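Colleague: Provide a 3D model corresponding to the input given below.
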Amino acid sequence: MIDEYEAAELTAANDALRRSLASLTNADDLWPFVIGALTESAQAIAAASAAIFLFDEQSNRMRTAIVLEDGRPVDFFNEDRFIELREPFEVHQSTIWQELMTSRTYQWRDLTDENKLSFKWLIPWYRRLGLRGGLAVPLIFNARPIGLAVFGCRRSQPPPSSRLDFLRDLINEAALAIQLLRISHRAKDAEIANQEVQAAGEVHESIAQSLAAISMHLTGALSFLKSDPAKASRAIDRARELARLGIELVRRTTLTLRPGHSNSTSPSQMLIDLIREAGDENDLICHFREIGQVPRTVGAETVKGLFQISREAINNALQHGRPRRLEAVLSWYADRVKLEIADDGAGFDSSASEHHSEGYGIKGMRECAIQRGGILEIVSRTGRGTRVCATLPILNV
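Modeller: Prediction:
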C-alpha cells in the first residue's frame, strides 16, 4: 500500500519526467538537456557532485564530459580540485564497470571503504569534497555502453529505491540525447563535406572562366600592340587584374577548405603553424599550450572553425594591437574545445563595445562560432592587451 508521502514523491517524479521528455522533444541544443537531466538527477538524491563520462569503444577509455558541484557546472580543467578528472582512464579491468555491464542498472558504493573502490585515483577527489557514498549509472543506448553517470553524496547510506528508479529514467533520457547529438553531428559533417566539394567545383569553374577572359584580353592586346598601344595597354591591365583576382580566389579558398579536406594536420599543429608564422614575420615571442586529452577524431567543421577564428584573432592582434607576445591555448573537453588567443598589445575598452559597433573581424569570428553552435568572448582593456576565447562543440560527441 502506497502511503501519502510515497504518492506525493511519485507524482513529483512523474511531473519531472514529463518536463524532461518535453524538453528533449523541443530542444534545439541537446547538450543543455543533458546538463539539465544530470542536474535534476543529482537533486533527486541530494548529491553534492555529479559527472558524466563518455566511453570510447576503440580505446576502451572514459573521458570526462561534464562535472557538477552543488548543482552547477564547473570548469574541471581550470580548477585544481578536479585534477583527477582531467585525464581519460581505462575501464576494462574495473570491477564496478564489469558489474554495471552485467546488471545494466545502477550500483551504490560506500566511498569510505577504500579497499572496495575500483577507481582509486579518484579517492583524493572524494575526500576533498567530503563524499561518503557514490552512485554509478551506466549510459546505455541500443544495448551498447556509451558512458557513465556518477553521483557523490555526503552520506554513506543509499537513497530510497523510488528515487533511484526516477534517477535511472532521467539518465536514460540523457543517454538518448547524447546519442542523438552524435548522430546529428555526423550528419552535419557529411553535409559540410558535400558543401565543400560543391564549393571546390564552383571555384574550378570560376578559375576556368578567368583564364579564358585573360587569354581573350591578351589576344586583343597583341592585335592592338602596334596600331593602338593605349588600347593594348588597357587590355593588358584588365588581364593583370583578372589574374590578381583569380590568385586571391584560390588563396582564400585554399585557406578555407584546407582543414576540412585533410586530416593530416591536427588542430594543434594548425594553431602552432599559425602562431609560429606570426612570430617569425613580426618578431614576436609566441607560446602554445594544449590542455586535456585530444579526441581521436574531431569534426571537420570544428577544425575549420578553429582555423578561421585563430587566423582572424592573430591578424587582428597584429594589425591593431602591435603586441610583443602572443599566446595560444587549446583546452579539450569531452564534448567541446576552448580556443584562447591572448596578446599584450594596445587592447581596447571591450565593455563599451556592443555588437553593432564591432569591426568586421570580430563580427566574423562571432558568426563563425555561432554557426557551429559555439560562443565567442572577448576580454580587452586599453593598454592591457586582448584575449579572444572561442568555445566550439567537437561535433563527434
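
Colleague: in the stretch 1-150 of the chain, which spans are helices?
Modeller: 4-26, 30-44, 95-103, 123-128 (DSSP state H, counting those that start in this stretch).

Colleague: weakest of those helices by average pLDDT?
Modeller: Lowest mean pLDDT within those: helix 4-26, at a mean of 48.

Colleague: ok, Ile45 touching Arg163?
Modeller: Yes: Ile45 lies in contact with Arg163 (CB atoms under 8 Å); the separation is 5.5 Å. Heads up, the C-betas are built off the backbone N, CA and C, glycines and all.

Colleague: so the residue of the chain most remote from its centre versus Ala51, what's the distance?
Modeller: For the chain, the largest distance from the centre (CA atoms, centre = their mean) belongs to Ser227, which lies 63.8 Å off. Ser227 sits 82 Å away from Ala51, going by CB to CB, to the nearest Å.

Colleague: contacts only, for Leu167.
Modeller: Listed by CB atoms under 8 Å, 6 or more residues apart in numbering, the contact partners of Leu167 are Ser41, Ala44, Ile45, Tyr106, Leu135, Val137, Phe151.

Colleague: may I have the phi/psi pair for Asp283?
Modeller: phi 60, psi 50 (degrees, to the nearest 10).

Colleague: let me redo that: Phe348
Modeller: According to degrees, to the nearest 10, Phe348 has phi -160, psi 170.

Colleague: all further residue positions should be reported with the first residue as 694.
Modeller: Noted, 694 is the first residue going forward, which turns the last one into Phe1041.

Colleague: who touches the closest residue in space to it that isn't next to it in sequence in this structure?
Modeller: Leaving aside its sequence neighbours, Phe1041 sits nearest to Ser1073 (CB to CB, 6 or more residues apart in numbering; 5.1 Å). Counting by CB under 8 Å, 6+ apart, Ser1073 touches Gly1040, Phe1041, Asp1042, Ser1043, Thr1079, Arg1080.

Colleague: can you classify the nearest residue to the last one once chain neighbours are set aside as helix, strand or coil?
Modeller: Of all residues beyond its chain neighbours, the one nearest Arg1080 is Ala1035 (4.3 Å), with distances taken as CB to CB, 6+ apart. Using DSSP: H, G, I helix; E, B strand; the rest coil, the structure places Ala1035 in strand.

Colleague: what about Ala1035, how many neighbours?
Modeller: Using other CB atoms under 10 Å, Ala1035 has 21 neighbouring residues.

Colleague: I'd say it and Pro1016 touch.
Modeller: No: here Ala1035 lies out of contact with Pro1016, judged by CB under 8 Å, at a distance of 9.1 Å.

Colleague: name the residues contacting each of those two.
Modeller: With CB under 8 Å, 6+ apart as the test, Ala1035 and Pro1016 both reach Gly1078.

Colleague: related to what we said a few turns ago, neighbour-wise, which of Ile738 and Arg856 wins?
Modeller: Ile738 (20 against 16).

Colleague: so what's that one up against?
Modeller: Per CB under 8 Å, 6+ apart, neighbours of Ile738: Leu828, Phe844, Cys846, Pro852, Arg856, Leu857, Leu860.

Colleague: roughly how far apart are the nearest residue to the fourth one once chain neighbours are set aside and Gln986?
Modeller: Put plainly, it is Pro852. Counting by CB to CB, 6+ apart, Ile738 is the residue found nearest to Pro852 once chain neighbours are left out, at 4.2 Å. In this view, Ile738 and Gln986 are 29 Å apart by CB to CB.

Colleague: kindly report the same for Leu860.
Modeller: Taken as CB to CB, the span from Leu860 to Gln986 is 28 Å.

Colleague: okay, who's weakest in the contacts of Ser1073 by pLDDT?
Modeller: Least confident of the contacts of Ser1073 in the model: Ser1043, at 65.

Colleague: bridging residues for Ala744?
Modeller: Val760, Val843 (DSSP bridges).

Colleague: wait, it sits on Leu761?
Modeller: Yes: if you go by CB under 8 Å, Ala744 and Leu761 touch, sitting 7.0 Å apart.

Colleague: before we move on, the earlier item: can you tell me the SS state at the residue farthest from the centre of the chain?
Modeller: coil.

Colleague: check contacts around it.
Modeller: Ser920 touches nothing, counting by CB under 8 Å, 6+ apart.

Colleague: where do the strands sit along the protein?
Modeller: 742-749, 754-762, 765-766, 782-783, 800-803, 826-834, 837-846, 978-984, 1018-1025, 1029-1036, 1068-1073, 1079-1086 (DSSP state E).

Colleague: please report how far Ala744 lies from Leu731.
Modeller: 8 Å.

Colleague: typo on my end, it should be Pro1086
Modeller: Distance, Pro1086 to Leu731, using CB to CB: 17 Å.

Colleague: pick out whichever of those two has more residues nearby.
Modeller: Leu731 (26 against 22).

Colleague: how near is the more buried one to His1013?
Modeller: Counting by CB to CB, the gap from Leu731 to His1013 is 42 Å.

Colleague: can you check Pro725 too?
Modeller: Distance from Pro725 to His1013, by CB to CB: 35 Å.

Colleague: neighbour count for those two, which is higher?
Modeller: His1013 (16 against 12).

Colleague: please tell me I have it right and that one contacts Asp1036.
Modeller: No: with contact defined as CB under 8 Å, His1013 does not count as touching Asp1036 (9.8 Å).

Colleague: hey, where'd the helices end up in the stretch 844-993 of the chain?
Modeller: So, for the stretch 844-993 of the chain - with DSSP H, counting those that start in this stretch - the helices run 854-917, 922-954, 960-975, 993-1009.
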